[in-house]
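**Q** structure of the sequence below:
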Amino acid sequence: TNTNKKIIRKVKKEKENAYLIDFEFKNSKNVHIIHDLRLEHNGRVAQIDHILLSRLGIEVLESKSFNGIVSIKSDNSLEVKYKEKIIAQPNPLEQAKRHELVIKELLHDNNLLTNMIGLKLEISSKVLFNPNTVVLNDPMPNDFVKADNFFKDRMDSINNMGFVQIYKSAFGLQKIDNILNIANFLISRHKPLNFDYRNKYKIKQEVKKEIDIIEVETICPRCKIGKLVKREMKNKKYEEKYSSNSFLGCSNFPKCRYSESL
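**A** Modelled structure (predicted):
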């Protein structure tokens, strides 16, 4: 169905962004990446696409991908044009900011938001468009960026940090191991959700009915042709005849109607 295809496309595009992140940062000792993190704290829920942790701080990354042509409006909401049809989309940056707030509260309540000299860990948010998404805005508003451009710029910034930048960074006076500890803490608070897409999108699933038949090596004593097989009773009027819902019947049914109780 069209709904199935949309879900598959969405997951595929998010995986492409995750691949780009891993490709750029997998060999970096200064960066830790978390994908598909779900947090619950103080009655708030955050389903986060990607989190990038480094000495620069924490960046909450919201992945977006569209087959249509995207326009970012003045209020940061989106309009996506598919041929002659235009569909409005809510502000994705606000969603990322809400996720950012959950992380801040969670780290604050667990004494992880500030370092040993009281400086706060910087937490920010960005919206990442899949590189294949066409966005009309040039330049894009702040905190909106194509995924491939963001990863390259961020990698250069992290690897080229000088002593002054590190000193000014909220966690610059601590080892990168402390960032790893925060990453492990966030992962430990992951609350996975088994989402029922079939129920939400009313996806029909075809289920083939199968008859539970278990063959046994016994020839039918009546017709001498078929074998006795295990069957389940379908008609309640015969319940008194047998001691259970299962019985042995001839595999040559309906030509042979022999049966016996298990």
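
**Q** what's the separation between Ser125 and Glu94?
**A** 9 Å (CB to CB, to the nearest Å). For the C-beta atoms, the positions are set from N, CA and C on the backbone; glycine is no exception.

**Q** pick out whichever of those two has more residues nearby.
**A** Ser125 (22 against 15; other CB atoms under 10 Å).

**Q** mind listing the residues bridging to the more buried one?
**A** Here Ser125 sits in beta bridges with Val60, going by DSSP bridges.

**Q** and Ile182, what pLDDT?
**A** The confidence metric pLDDT takes the value 91 at Ile182.

**Q** got a list of what it touches?
**A** Leu53, Ile58, Leu107, Leu112, Leu121 (CB atoms under 8 Å, 6 or more residues apart in numbering).

**Q** let me know the closest of those to Thr218.
**A** Of all the contacts of Ile182, Thr218 sits closest to Leu53, with 66.5 Å by CB to CB.

**Q** tell me what the host helix or strand of the closest one is packed against?
**A** Leu53 is part of strand 44-54, with elements assigned from DSSP states H and E. Packed against strand 44-54, as judged by 3 or more CB pairs under 8 Å, 6 or more residues apart in numbering; DSSP states H and E, are the following elements: helix 2-25, strand 31-41, strand 57-64, helix 92-109, helix 147-159, helix 176-188.

**Q** so for Pro221, which of the ones you listed sits nearest?
**A** Pro221 sits nearest to helix 2-25 of all the helices and strands packed on strand 44-54, at 51.3 Å, using CB to CB.

**Q** what mean pLDDT does the closest one have?
**A** 63.

**Q** going forward, count from 123.
**A** Okay, residue one is now 123; in that scheme the one you just asked about reads as helix 124-147.

**Q** burial measure for Val256, as a count.
**A** 13.
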